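Undergrad: Sequence plus predicted model, see below.
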Amino acid sequence: AEYDLDRERAAAAHRVIGRTSVVLCTISSSYQLNNLRSDFDEALKPNLFALVLDEAGATPESYVPMLLHLGSENMVLVGDHKQLPPLVIASGGESALNGTRVNRSLMERAIDCGTRLHPLWTQYRMPAELCRLVSRLFYQGMLTGDSAFLSGSRMKQEKRAHCLRWLDVVGCEIEVLSSKANLEEAIQVLHVLSKHKAARVEPSSVKVITL
């Protein structure tokens, strides 16, 4: 019998789509799910049970209609509205956004309306000193570090004398493509490191965080 490659390819696609229970995609490519529905109407499940939006605190509300169009029964917002806000670029610069709230996320709107949160208060990245600072400034002192992570960290407590320093920088930010930079900050860091050459500071042990 003659082997029909196109027919077998289509049958295989239907089998894969029919067994699919999880779809991973970016927001901008989510429209392809509707294309799958039109191409594999019988194989694809008619409705999504849950849509999980990662980095919801940094996702502009203007993206939400694209997600609602998918017809999900539930939407779970995962993110932190106290971290970086949505990036919205206006032709008139940042001043054109003042008072518009277009750079607000759906997560922030939900919190403003009193939606109950399910916070995770244990972090696994920052050393204890930095965690205490961030916790006090932004999380009412509730954020803590995992004890196993802190005890196994390469930055042992006894080796971290004066690990957190504040430098007063006068320089101005400049725009670099879609980001920003402050040359004076870089100069200050180099100045501090140059004074520690006698202490044999290894470049690989230095981490710079700008706030």
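TA: It's in.
Undergrad: Please, where are all the helices along the chain?
TA: 5-19, 31-39, 64-68, 106-112, 128-138, 147-152, 183-194 (DSSP state H).
Undergrad: tell me which residues of the first one are tucked away?
TA: What that stands for is helix 5-19. Ile17 (16 or more other C-beta atoms under 10 Å). No exception for glycine: its C-beta is placed from N, CA and C like everyone else's.
Undergrad: Run the chain-centre distance for it.
TA: Here the centre of helix 5-19 is set off from its chain's centre by 35 Å, with C-alpha atoms, centre = their mean, to the nearest Å.
Undergrad: Hey, what's the angle from it to helix 31-39? Just curious.
TA: 110 degrees (axes from the mean of the first three to the mean of the last three C-alpha atoms, to 10 degrees).
Undergrad: Excluding residues flanking it in the chain, which one is nearest the residue nearest the centre of the chain?
TA: Nearest to the geometric centre of the chain sits Glu55, at 4.2 Å (C-alpha atoms, centre = their mean). Nearest residue to Glu55, sequence neighbours excluded (C-beta to C-beta, 6 or more residues apart in numbering): Gly79, at 5.1 Å.
Undergrad: in terms of contact, does that neighbour touch Gly57 like I think?
TA: Yes: if you go by C-beta atoms under 8 Å, Gly79 and Gly57 touch, sitting 3.6 Å apart.
Undergrad: Of the two, which one has the most company?
TA: Applying other C-beta atoms under 10 Å to Gly79 and Gly57 shows that Gly57 carries more neighbours, namely 21 against 18.
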